[in-house]
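Novice: quick check, what structure comes out for this input:
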Amino acid sequence: MAAGVAAACLNGIDLFIDSTAGPVNDAAMLNLNTFGRVVVVGTVALADRFDQPDIGLRHLRKTLIARARIEGFLLDDHESEFETAKAFVHMMNGENFGKPLVKL
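Specialist: Residues are numbered from 1 along each chain as shown. The predicted model follows:
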């Protein structure tokens, strides 16, 4: 998989949003650029083993050499933005008519 990611991302990976924590994560980490960023939004590959250690490769050396930043992203950390996000959710659900305006 790492070779496939390298072929698809000829210039490497600057930003990876991970929801898997599985083989896709491993492949992306092996192709991470210097100063790359990883945002962890989920760990679906671990869904049946949350109480056990993570699986897969350890990329601490790659993270160090790339000077990469890895950060978790939990929805609850952005509760103050929920009202703003409602317009987007309505659009994704097809509940909008025409072009909605969103005040930022």
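
Novice: please spell out the segments of the chain that come in under the pLDDT threshold.
Specialist: Within the chain, the stretches with pLDDT under 70 are 100, 102-104.

Novice: remind me, longest helix of the protein?
Specialist: Longest helix in the chain, counting residues (DSSP state H): helix 82-92.

Novice: only alpha carbons, please: show that helix as CSV.
Specialist: Written as CSV, here are the backbone C-alpha positions of helix 82-92 (Å, rounded to 0.1, in the frame of the first residue of the first chain):
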residue,chain,number,x,y,z
PHE,A,82,-22.0,23.7,16.4
GLU,A,83,-24.5,26.4,15.5
THR,A,84,-22.3,27.6,12.6
ALA,A,85,-21.9,24.0,11.4
LYS,A,86,-25.7,23.4,11.2
ALA,A,87,-25.9,25.1,7.7
PHE,A,88,-23.3,22.7,6.4
VAL,A,89,-25.0,19.7,7.8
HIS,A,90,-28.4,20.8,6.3
MET,A,91,-26.7,21.2,2.9
MET,A,92,-25.1,17.7,3.2
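
Novice: for that helix, buried residues please.
Specialist: Buried residues in helix 82-92, defined by neighbour count with 16 or more other CB atoms under 10 Å: none. In short, each C-beta sits where N, CA and C put it, glycine included.

Novice: report the distance from that helix to the chain centre.
Specialist: Its chain's C-alpha centre and that of helix 82-92 lie 20 Å apart, by CA atoms, centre = their mean, to the nearest Å.

Novice: do stretch 77-92 as well
Specialist: Distance, centroid of stretch 77-92 to centroid of chain: 18 Å (CA atoms, centre = their mean).

Novice: cool, and stretch 48-64?
Specialist: 15 Å.

Novice: how about stretch 81-93?
Specialist: Offset of stretch 81-93 from its chain centre (CA atoms, centre = their mean): 20 Å.

Novice: repeat that for stretch 55-70.
Specialist: Taking mean C-alpha positions (CA atoms, centre = their mean), stretch 55-70 and its chain are 15 Å apart.
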